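Trainee: sequence first, predicted model second:
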Amino acid sequence: MFDEECAGEQAMSGFRDKLAIVGVGISPTTRTGGGGLSAHMMEAQALKLAIEDAGLEPADIHGSIYAGAQQGADSGARMAGLAPHFWLPFGRMANAHNSLLYAAGAIDSGNCDYVSVSLGISWLTDAQNTARAAAEGRTFVVDKKFSIARDGGGVVQQGWTATPGAAAVHAFYASRHMHEFGTTEEQFGAVAIAHRKWANLNPEARFHDRELTMEDYLASRWVVHPYRLYDNCVVSDVACAFIVTSAERAKDLRQKPVFVKGVGLGDGGREAWWDKTNFSRTDAAFARDKAFATAGIGIDDIDLAEIYDCFTGDVIMTVEDYGFCEKGEGGPFMESGATAPGGSIPMNTHGGLLSAFHCGDMGNMIEAVRQLRGNCGERQVPGAEIALVDGHGAELVLPYMCPITGCTILGNEEG
């Protein structure tokens, strides 16, 4: 008799430690001399760095995945000298996590030995071009689908989520969380400050040399209530890339492998938004359960977490939904300093989207790999062995905040 539950458990555990990330690369960032290039040119830079990091050549990469919807063409891969058997773009929904699942299938099926995953974003340069065009009475258009909008603070997004659209969508949920659980403005500020402290330890971070105090936070201008300027992610020129292969093949390469122990995906669209049941939470719990079951771990096994932090309120809701604290306790949890340097569960150790750079969930994945290798210098988490990487997205598709959640568990040891 077929035991569906048993078969499911075997399939999940069979995925564990079969895949490894063996190379990572980040282009020069806004702070380290990047900018002024197209997204594709920066993507090519990141790809070359990731391939070199792995000790490979461009000719070794026979699968290429573009982890984003913006400017989605294979130009970056071609500029980097790749000639892949396949090239695949993913949209705005936990892209790094979806990419790992597709890479696993491509490698397991024998279509390729190595897969690159990459994303380039040139929003800061695009915003600057917009300002120049506006001063000259012109409209700057990045491509046929999206025009770039920019406000006085340099916040930039695309399509209908143009500022203050994205902030307004997310601020609705932050307001709801305040109403339901008594979350305060200072607790949102605590998120921004914790991430800034990590950025102050990361030379690549946009705000590496700029400290942030609660006084600074509370004095910053409103974007969309309850979000002030520092509740919003930064605008970036940056690209990220990583290289994936089988765990066995990874052992012969330059770097110590970082193993993919589990990937889980969740979608809040399983519940209708008009039922008002999902206005103060993400679908992280669902994604977590899938990833944890595959990895064979629990929440107490996590040494560090890289949480998608496009807005401060998202972090508060996400840490609750993963189970780092009880629902409604995310504000006090962040206020306690638990996630800041020296805290009990380090989070967003590169500074995150709030203070380092915005490259979708790719920056989170690369930071987790670097931490598990022990490559993070002053911000290194001592003894880090297991990392949780979070990503979300899809507000372009559904009428509420980023319903899709991706959860990946990485580890630096097999077993």
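Mentor: It's in.

Trainee: you'd agree residue 188 is up against residue 231?
Mentor: Yes. At 5.6 Å, residue 188 counts as touching residue 231 under the criterion of C-beta atoms under 8 Å. Any C-beta I mention is one placed from the backbone N, CA and C, and that applies to glycine too.

Trainee: what touches both of those two?
Mentor: 174, 312, 313 (C-beta atoms under 8 Å, 6 or more residues apart in numbering).

Trainee: and of the residues you listed, the nearest to residue 75?
Mentor: Checking the shared contacts of residue 188 and residue 231 against residue 75 by C-beta to C-beta gives residue 312 as the nearest, at 34.4 Å.

Trainee: and the most centrally placed residue in the chain, how far from residue 247?
Mentor: When the chain is reduced to its mean C-alpha position, the nearest residue by C-alpha atoms, centre = their mean turns out to be residue 361, at 1.7 Å. Separation of residue 361 from residue 247 (C-beta to C-beta, to the nearest Å) stands at 22 Å.

Trainee: go on, residue 295?
Mentor: Separation of residue 295 from residue 247 (C-beta to C-beta): 14 Å.

Trainee: with neighbour numbers in mind, choose between the two.
Mentor: residue 295 (27 against 16; other C-beta atoms under 10 Å).

Trainee: correct me, but the more buried one touches residue 409?
Mentor: Yes. Between residue 295 and residue 409 there is a contact under C-beta under 8 Å: 4.2 Å.

Trainee: which residues do the two both contact?
Mentor: What both residue 295 and residue 409 touch, as defined by C-beta under 8 Å, 6+ apart, is the set 261, 262.

Trainee: in the stretch 301-415 of the chain, where is pLDDT below threshold?
Mentor: 394-402 (pLDDT under 70).

Trainee: hmm, 50 instead?
Mentor: 396-397 (pLDDT under 50).

Trainee: all helices of it, in order?
Mentor: 312-322, 330-335, 352-355, 362-373 (DSSP state H, counting those that start in this stretch).

Trainee: could you list the buried residues of stretch 22-40?
Mentor: Neighbour counts over stretch 22-40 (16 or more other C-beta atoms under 10 Å) mark 22-31, 34-35, 37-40 as buried.

Trainee: no wait, stretch 196-215
Mentor: 196-202, 204-208, 212.

Trainee: look up how far residue 263 lies from the nearest residue to residue 260 once chain neighbours are set aside.
Mentor: Distances taken as C-beta to C-beta, 6 or more residues apart in numbering put residue 19 closest to residue 260, at 4.2 Å, once the chain neighbours are dropped. Separation of residue 19 from residue 263 (C-beta to C-beta): 9 Å.

Trainee: so where's the chain shaky on pLDDT?
Mentor: In the chain, residues with pLDDT under 50: 1-4, 6-8, 10-11, 141-163, 396-397.

Trainee: please enumerate the strands of the stretch 251-400 of the chain.
Mentor: Under the criterion DSSP state E, counting those that start in this stretch, strands of the stretch 251-400 of the chain are mapped to 258-267, 304-306, 386-393.

Trainee: and residue 278, which of those strands is closest to it?
Mentor: Closest among the strands of the stretch 251-400 of the chain, using C-beta to C-beta: strand 258-267, at 10.5 Å.

Trainee: end to end on stretch 78-88, go ahead and measure it.
Mentor: Its first and final residues considered, stretch 78-88 spans 13 Å by C-alpha to C-alpha, to the nearest Å.

Trainee: likewise stretch 251-271?
Mentor: End-to-end distance (C-alpha to C-alpha), stretch 251-271: 43 Å.

Trainee: which helix or strand contains residue 244?
Mentor: strand 237-246 (DSSP states H and E).

Trainee: could you point out the helix or strand that follows that strand?
Mentor: helix 247-250.

Trainee: now the nearest residue in space to residue 118 that is not next to it in sequence: how far from residue 363?
Mentor: Using C-beta to C-beta, 6+ apart and skipping residues adjacent in sequence, the residue nearest residue 118 is residue 241, 3.8 Å away. Note on residue 241: its distance to residue 363, by C-beta to C-beta, is 11 Å.

Trainee: and these two? Which one has more around it.
Mentor: Neighbour totals were compared for residue 241 and residue 363, and residue 241 leads with 34 against 27 (other C-beta under 10 Å).

Trainee: look up which residues are beta-bridged to the more buried one.
Mentor: Counting by DSSP bridges, residue 241 is bridged to residue 25, residue 118.

Trainee: any idea how far it is from residue 49?
Mentor: From residue 241 to residue 49 the distance is 7 Å (C-beta to C-beta).

Trainee: my read: residue 313 touches residue 171, true?
Mentor: Yes. Applying C-beta under 8 Å as the test, residue 313 and residue 171 come out as touching, 7.4 Å apart.

Trainee: between these two, which contacts overlap?
Mentor: 226, 227.

Trainee: pull out the buried positions in stretch 103-121.
Mentor: Buried residues in stretch 103-121 (16+ other C-beta under 10 Å): 103-104, 106-107, 112, 114-121.

Trainee: just curious, which of these is nearest to residue 221?
Mentor: residue 121 (24.3 Å).

Trainee: now the closest one: how far from residue 17?
Mentor: Distance from residue 121 to residue 17, by C-beta to C-beta: 31 Å.

Trainee: again, but for residue 254
Mentor: 20 Å.

Trainee: and these two? which has more neighbours close in?
Mentor: The residue with more neighbours, out of residue 254 and residue 17, is residue 17; 20 against 11, by other C-beta under 10 Å.

Trainee: contacts only, for that one.
Mentor: 247, 259, 260, 261, 411, 414, 415.

Trainee: name whatever forms a beta bridge with the third one.
Mentor: In this structure, residue 260 bridges to residue 19, residue 410 when assessed by DSSP bridges.

Trainee: follow-up on the earlier one: quick one: the strand holding residue 244 to chain centroid distance?
Mentor: 12 Å (C-alpha atoms, centre = their mean, to the nearest Å).

Trainee: just give me the neighbour total for the closest residue to residue 187 other than its chain neighbours.
Mentor: Excluding its sequence neighbours, the residue lying closest to residue 187 (C-beta to C-beta, 6+ apart) is residue 331, at 3.4 Å. For residue 331, the neighbour count with other C-beta under 10 Å is 25.
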